[in-house]
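> give me coordinates for this.
(one chain, ligands or ions: 3)
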Amino acid sequence: MSVEADPQVLAGLEAWRDLPVTQQPAWPDAAALQRVTDRLAGLPPLVFAGEADALRGQLAAAGRGEAFLLQGGDCAETFAEATADNIRGKIMTVLQMAVVLTYGASLPVIKMGRMAGQYAKPRSSDTETRDGVTLPAFRGDIINGFEFTPEARTPDPERLLDAYHTSASTLNLIRAFTTGGFASLLRVHEWNRGFTANPAYARYEEIAAEIDRAIRFMAACGADFDALRTVDFYSSHEGLLLDYERPLTRIDSRTGLPYDCSAHFLWIGERTRQLDGAHVDYFSRVHNPLGIKLGPTSTADDALRLIDKLNPSAEPGRITFITRMGAGKIRDLLPSLVEKVTADGRPVTWVCDPMHGNGITSASGYKTRRFSDVMDEVAGFFEVHRALGTVPGGLHMELTGDDVTEVLGGAEEIDDAGLARRYETLVDPRLNHQQSLELAFQVVELLRRS
Ligand SMILES: O=C[C@H](O)[C@H](O)COP(=O)(O)O
Ligand SMILES: C=C(OP(=O)(O)O)C(=O)O
Ligand SMILES: [Mn+2]
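Ligands and ions are numbered 1, 2, ... in the order given. Below you'll find the model as predicted:
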């Protein structure tokens, strides 16, 4: 039997429309938008509410120190890059990092992509000016095109449907790869052998050899490697474009409760987490596990008021605070935030985004980050939690499986001149495949030292 939604619950899903809202596009044609959102509302959900519930349980475990979240993928996915090779590369990268982190932390790693829906971007400025011409800023493929022409930059609601279909095909391939044997532990381990065989990464050989011994030990004990052929891989994106999230919100027939079925996990960004704003209201009404980005201006009071609104019943796993302070600030700012939220007593899961607080512009003009700053913020995150006796629950990364050159440094020392070689991101710089694995090995070194 299917449970109907309470009419008041349904009415509540429209409340955001009367609240202050930021970072939404100015759609030029309201009727065209309405046609698209009606169509989206009739299409099948992309995920099942029960999967979101399972993830909530796992995130609750991460909050208690019984699991660790690894969330990674592009800053901005694009339709053109949703190819089999690209999707496979990102999955491989996350799985390879996950094997290393599982060993280093001796904990199950929850694997989650910034994938299959990460198409909407908040921007610092509504417009972009080039050579005296000003056009609307690129806000992600779900809204407008990157090409610098008035046509491409005009928001086009048809893109919501493209985003839905591209998310569906991406998710389909993710499910195929992670359940069809491609992701088996033995295969992923083989891939990592290839990485450490490269002399640039000789420093990690010892850890790699230990992982190798651990796997051989498991095999000798008769571990069921067949059972390790499939992995759970969750989808996530920033819950930003409410005209997309609303029609993909569905009533769970088991409970009558609304879930945003565009992804398993949605996060509210640093620029849209206003307590009385549309985003916080909207996501307070759906039952998925939620992330909230907390930047350097966040106060403990902000965090507690967000809990009041988004998790009044103090359900474990409902809220993940994703801190993104910057390497130079995390050791000063994070302790009081964590202390006060911990004293409050309602459970949250703490995750580190070492990307968004560490943006710089290189001398040659690229928007970039230094690998060393990214690592330093991760180190600061572990140090703060260790000092307070609280739980570092995971990492949130911008990465890709390709050999791009967008982040400075790493063992292969990408320098400013090297950025031009393969700088492909449309918004923020991503760790490339090698830098991502290097980060995972360095996290193991950090955990060791403590
Ligand atoms: O991904 C994060 C934000 O969308 C991004 O950093 C904003 O970038 P901008 O300052 O170039 O607009
Ligand atoms: C926009 C992003 O982050 P933040 O909201 O933390 O700036 C992002 O994760 O791409
Ligand atoms: Mn980003």
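> which strand or helix spans residue 47?
According to DSSP states H and E, residue 47 maps onto no helix or strand at all.
> number of residues surrounding residue 62?
By the criterion of other C-beta atoms under 10 Å, residue 62 has 25 neighbours. Bear in mind the C-beta positions are built from the backbone N, C-alpha and C, glycine included.
> okay, it and residue 291: tell me how far apart.
Separation of residue 62 from residue 291 (C-beta to C-beta, to the nearest Å) stands at 12 Å.
> and for these two, which residues touch both?
Contact criterion C-beta atoms under 8 Å, 6 or more residues apart in numbering; residues shared by residue 62 and residue 291: 320, 351.
> what about the chain, any weak spots by pLDDT?
By pLDDT under 70, the chain contains no weakly predicted segment.
> ligand 1 contacts on that one?
Residues of the chain lying close to ligand 1 by C-beta under 6 Å from any ligand atom are 75, 121-124, 356, 427-428.
> residue 16: which of the residues you listed is nearest?
Using C-beta to C-beta, residue 122 is the member of these that lies nearest residue 16, at 16.1 Å.
> ok, back up a step: got a markdown table for the residues of the chain next to ligand 1, with secondary structure, neighbour count and distance to ligand 3 too?
A markdown table is the format used below for these (DSSP: H, G, I helix; E, B strand; the rest coil; neighbours: other C-beta atoms under 10 Å; distance: C-beta to the ion, whole Å):
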| residue | secondary structure | neighbour count | distance to ligand 3 |
| --- | --- | --- | --- |
| 75 | coil | 22 | 3 |
| 121 | coil | 22 | 7 |
| 122 | coil | 19 | 9 |
| 123 | coil | 15 | 11 |
| 124 | coil | 6 | 11 |
| 356 | coil | 21 | 6 |
| 427 | coil | 19 | 6 |
| 428 | coil | 18 | 3 |
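> quick one: distance of stretch 63-80 to the chain centre.
Centroid separation for stretch 63-80 versus its chain: 4 Å, with C-alpha atoms, centre = their mean, to the nearest Å.
> show me which of the residues of the chain next to ligand 1 is closest to residue 187.
So of the residues of the chain next to ligand 1, ranked by how close each gets to residue 187 (C-beta to C-beta), first place is residue 75, at 27.9 Å.
> give the contact list for the closest one.
By C-beta under 8 Å, 6+ apart, the residues touching residue 75 are 114, 118, 121, 355, 398, 425-430.
> nearest residue to the middle of the protein?
When C-alpha atoms, centre = their mean is applied to the chain, the residue found nearest the centroid is residue 114 (4.0 Å).
> is the closest residue to it other than its chain neighbours bridged to anything, and to what?
Nearest residue to residue 114, sequence neighbours excluded (C-beta to C-beta, 6 or more residues apart in numbering): residue 73, at 3.2 Å. Beta-bridge partners recorded for residue 73 (DSSP bridges): residue 398.
> isn't residue 73 up against residue 115?
Yes: contact status for residue 73 versus residue 115: in contact at 4.5 Å, counting by C-beta atoms under 8 Å.
> all helices of the stretch 301-450 of the chain, in order?
330-344, 371-388, 416-419, 433-449 (DSSP state H, counting those that start in this stretch).
> the stretch 151-300 of the chain now?
With DSSP H, counting those that start in this stretch as the criterion, the stretch 151-300 of the chain has helices spanning 158-179, 185-196, 205-220, 242-245, 278-284, 300-310.
> who are the packing partners of the fourth one?
In other words, helix 242-245. Judged by 3 or more C-beta pairs under 8 Å, 6 or more residues apart in numbering; DSSP states H and E, the packing partners of helix 242-245 are helix 30-42, helix 158-179, helix 278-284.
> which residues touch it?
16, 21, 24, 27, 33, 37, 40, 120, 142, 157, 160, 163-164, 239, 260, 262, 266, 278-279, 282.
> let's see that with 7 Å instead.
16, 21, 24, 33, 37, 142, 160, 163, 239, 260, 262, 278, 282 (C-beta atoms under 7 Å, 6 or more residues apart in numbering).
> also the last one?
With C-beta under 7 Å, 6+ apart as the contact definition, helix 300-310 has outside contacts at 273, 275, 280, 283-284, 290, 292, 294, 319, 321, 336-337, 340-341, 344, 346, 348.
> swap in 10 Å and give it another go.
Identification of contacts with helix 300-310 by C-beta atoms under 10 Å, 6 or more residues apart in numbering yields 268, 273-276, 280-281, 283-285, 290, 292, 294, 298-299, 314, 318-319, 321, 323, 336-341, 343-344, 346-348.
> check the offset of it from the chain's centre.
Distance, centroid of helix 300-310 to centroid of chain: 21 Å (C-alpha atoms, centre = their mean).
> and that helix, what's buried?
For helix 300-310, the neighbour count (16 or more other C-beta atoms under 10 Å) marks 300, 302-303, 306-307, 310 as buried.
> residue 2: which of the residues you listed is nearest?
residue 310 (26.8 Å).
> CSV please, covering the helices of the stretch 301-450 of the chain and showing distance to residue 2 and mean neighbour count.
Below are these laid out as CSV (distance: least, C-beta to C-beta, whole Å; neighbours: other C-beta atoms under 10 Å):
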stretch, distance to residue 2, mean neighbour count
helix 330-344, 37, 18
helix 371-388, 43, 20
helix 416-419, 54, 14
helix 433-449, 42, 20
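> out of those helices, the one nearest residue 224 is which?
Nearest of these (C-beta to C-beta): helix 433-449, 25.1 Å.
> the inter-axis angle of the closest one versus helix 371-388?
Counting by axes from the mean of the first three to the mean of the last three C-alpha atoms, to 10 degrees, helix 433-449 lies at 30 degrees to helix 371-388.
> how far off centre is helix 433-449?
With C-alpha atoms, centre = their mean as the basis, the mean position of helix 433-449 lies at 19 Å from the chain mean.
> which strands and helices sit next to it?
strand 68-73, helix 84-105, helix 185-196, helix 205-220, helix 371-388, strand 392-398 (3 or more C-beta pairs under 10 Å, 6 or more residues apart in numbering; DSSP states H and E).
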